[in-house]
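Trainee: Give me the fold of what follows.
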Amino acid sequence: MIKRSLLTALAGLACLALTTIPVQAQNGIETRLDTIIQKLDASQTTLNEVASKVGAEPLATAPAAATADVGTVAKAEVEALQVNINYVWIILSGALVFMMQAGFAMVELGFSRAKNSINIIMKNFLDFSIATLVFMFLGFGLMFGTSWDGWIGTDSFWLSGHPGDDSLWSFWFFQVVFAGTACTIVSGAMAERTKFIGYLVYAGILSGFIYPLTGHWAWGSFGGSFGVGGEPGWLEAMGFVDFAGSTVVHACGGACALAGILVVGARHGRFGKDGSSRLIAGHNIPLAALGVFILWFGWFGFNGGSTLIANASIGRIVVNTTVAPAAGAIAAMISMWFVQGRPDVGITLNGALGGLVGITACCASITPGSALIVGIVAGLLTTVATIGLERMCIDDAVGAVPVHLVNGWWGTLSVSLFDEAGFDAQKFGVQALGTFAISGTAFVLCFAIFKLVDLTVGLRATDTEQIDGLDFSEHSANAYPDFQTTEQA
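Mentor: Numbering: from 1, shown residues only. All right, here's what the predicted structure looks like:
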């Protein structure tokens, strides 16, 4: 029957629109369409019976093959649309992660003194620029290329042979912004006393070798769906899970930060000869707060985009990415309020970042109630680790080690502690092995690199250079020319 065929065709086309409608609404619409078609079939049967009685020709019925073809075409169109939406989601998420570079720069600027502002901006611009080029030529292949026994990738070092519409490009873009994030974590920890050239050397080595090496162990197979590699790294093969990078990105970057500050030493005047701590206040705390807001915003792409597909699972992931940092900020504020008798803005801001790092590995596999606990513990760990480093006379200018290393460990262990499927001691052991293997390797390699850099091109600025400010000594410039920004009159 012509009407039935037309309705069937329209139903097939409607499938394209249904992909943007909630599942419950889709089910309701499909049920009503089926009901209408059934009624048309019943009406056609009745009319044919009447026609038979009066000796007329029966009405034509749409061929079953035609109906099946319409359904097949509609299904193929829906699948193609879903794939394209996935690519758009990956690119948008990668753009959000790229914005986190601005967040890191603002946090470091706000927590540092005005006389080092240009140096900080230069580091945050150049480490991502270097990471992009080095990751293109070397790092991506080491991380996602064909695996050598689960340890390192061996091909896909230069991607110029892929066509313009290859799915690989969106995946590469999403991964390079992660490499830039891991690299820039170190900048804040070593702020105000690190020579510019020494930092640039480190940025190239971390993004080109250290991060891809350890990343391959946990994420080696992820490029398989995009036409590269496909074999799991040795940790991934054991069942290690780090959904968006609490360890692969943050604990790795935090371990490198710890290695860097141990080699470069504390800022001039940060600690007394007796080991007492001296406050070096940041010059623009509102700017640091803006940076945290930017980072929090970018983290929705960091965690949500790690699905690599656009589906309903994104919803709970971003809910967890909202709950955990909120709980972390409150827990850190209250704990430091208890310790020093007043709420501290720096600890509060870092508590939120600690909650974000903590939820990164487990955001796809735990409930919002568990995310609340993860955030609370992350806030407490941020406070305790910050106080502990200060008492050991380890100078972390922005709190990168408590936020990224300590909470990177915590978030990765939380994958097994709060898994919806229940606690598994063996899985907990794998998670512990993975996070300490990656962060331990990153620490040892970076410590050696920073030592080598210090012995060759130099890593630590002199006391005079630190007093004058790195803007003057490294760049012969002043970020605030209308104001005095050095400690000398």
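
Trainee: Local confidence estimate at Ser5?
Mentor: As predicted, Ser5 sits at a pLDDT of 44.

Trainee: top helix in this structure by residue count?
Mentor: Of all segments of type helix in the chain, defined using DSSP state H, the longest is helix 64-111.

Trainee: elements contacting it?
Mentor: On a contact count with 3 or more Cβ pairs under 8 Å, 6 or more residues apart in numbering; DSSP states H and E, helix 64-111 meets helix 2-18, helix 117-134, helix 168-189, helix 285-304, helix 345-360. The C-beta positions use only the backbone N, C-alpha and C, and glycine is treated the same way.

Trainee: what's the closest of those to Val73?
Mentor: Judged by Cβ to Cβ, the one of those that comes nearest to Val73 is helix 2-18, at 6.7 Å.

Trainee: domain assignment for this structure?
Mentor: If you go by automatic domain parsing, the domain ranges for the chain are 2-62, 87-475.

Trainee: what's the most buried one of the helices and strands packed on helix 64-111?
Mentor: Per-stretch averages of neighbours, counted by mean count of other Cβ atoms under 10 Å, single out helix 345-360 among the helices and strands packed on helix 64-111, with a mean of 30.

Trainee: avg pLDDT for that one?
Mentor: If you average the pLDDT over helix 345-360, you get 98.

Trainee: mind putting the helices and strands packed on helix 64-111 in a markdown table, distance to Ala324 included?
Mentor: Supplementary listing: the helices and strands packed on helix 64-111 in a markdown table, determined by distance: least, Cβ to Cβ, whole Å:
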| stretch | distance to Ala324 |
| --- | --- |
| helix 2-18 | 33 |
| helix 117-134 | 25 |
| helix 168-189 | 18 |
| helix 285-304 | 10 |
| helix 345-360 | 4 |
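
Trainee: returning to what we had before: quickly, which of the domains of the chain bottoms out on average pLDDT?
Mentor: Looking at those, the lowest mean pLDDT belongs to domain 2-62 (a mean of 50).

Trainee: Among the helices and strands packed on helix 64-111, which comes closest to Ile438?
Mentor: Comparison of the helices and strands packed on helix 64-111 against Ile438 by Cβ to Cβ identifies helix 168-189 as nearest, at 10.9 Å.

Trainee: Alpha carbons only: can I get that closest one in PDB?
Mentor: Taking Å, rounded to 0.1, in the frame of the first residue of the first chain, the C-alpha atoms of helix 168-189 are listed here in PDB:
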ATOM      1  CA  LEU A 168      43.300   9.600  13.300                       C
ATOM      2  CA  TRP A 169      43.600  13.400  13.300                       C
ATOM      3  CA  SER A 170      40.900  13.900  16.000                       C
ATOM      4  CA  PHE A 171      42.500  11.300  18.200                       C
ATOM      5  CA  TRP A 172      46.000  12.800  17.700                       C
ATOM      6  CA  PHE A 173      44.700  16.300  18.700                       C
ATOM      7  CA  PHE A 174      43.100  15.000  21.800                       C
ATOM      8  CA  GLN A 175      46.300  13.200  22.800                       C
ATOM      9  CA  VAL A 176      48.700  16.100  22.200                       C
ATOM     10  CA  VAL A 177      46.800  18.400  24.600                       C
ATOM     11  CA  PHE A 178      47.200  15.700  27.300                       C
ATOM     12  CA  ALA A 179      50.900  15.700  26.600                       C
ATOM     13  CA  GLY A 180      51.000  19.400  27.000                       C
ATOM     14  CA  THR A 181      49.200  19.200  30.400                       C
ATOM     15  CA  ALA A 182      51.600  16.600  31.700                       C
ATOM     16  CA  CYS A 183      54.500  18.900  30.700                       C
ATOM     17  CA  THR A 184      53.300  22.100  32.200                       C
ATOM     18  CA  ILE A 185      52.600  20.700  35.700                       C
ATOM     19  CA  VAL A 186      56.300  21.000  36.400                       C
ATOM     20  CA  SER A 187      56.500  24.700  35.500                       C
ATOM     21  CA  GLY A 188      54.600  25.900  38.600                       C
ATOM     22  CA  ALA A 189      56.500  23.700  41.100                       C
END
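
Trainee: Mind giving me the packing neighbours of that helix?
Mentor: For helix 168-189, the packing partners by 3+ Cβ pairs under 8 Å, 6+ apart come out as helix 64-111, helix 117-134, helix 140-144, helix 196-205, helix 211-219, helix 252-264, helix 400.

Trainee: which of those helices sits most buried?
Mentor: For these, the highest mean count by mean count of other Cβ under 10 Å goes to helix 400, at a mean of 30.

Trainee: neighbouring contacts of that one?
Mentor: Contacts made with helix 400 from outside it, assessed by Cβ atoms under 8 Å, 6 or more residues apart in numbering, are listed as Ile185, Val186, Gly188, Ala189, Gly253, Gly254, Ala257.
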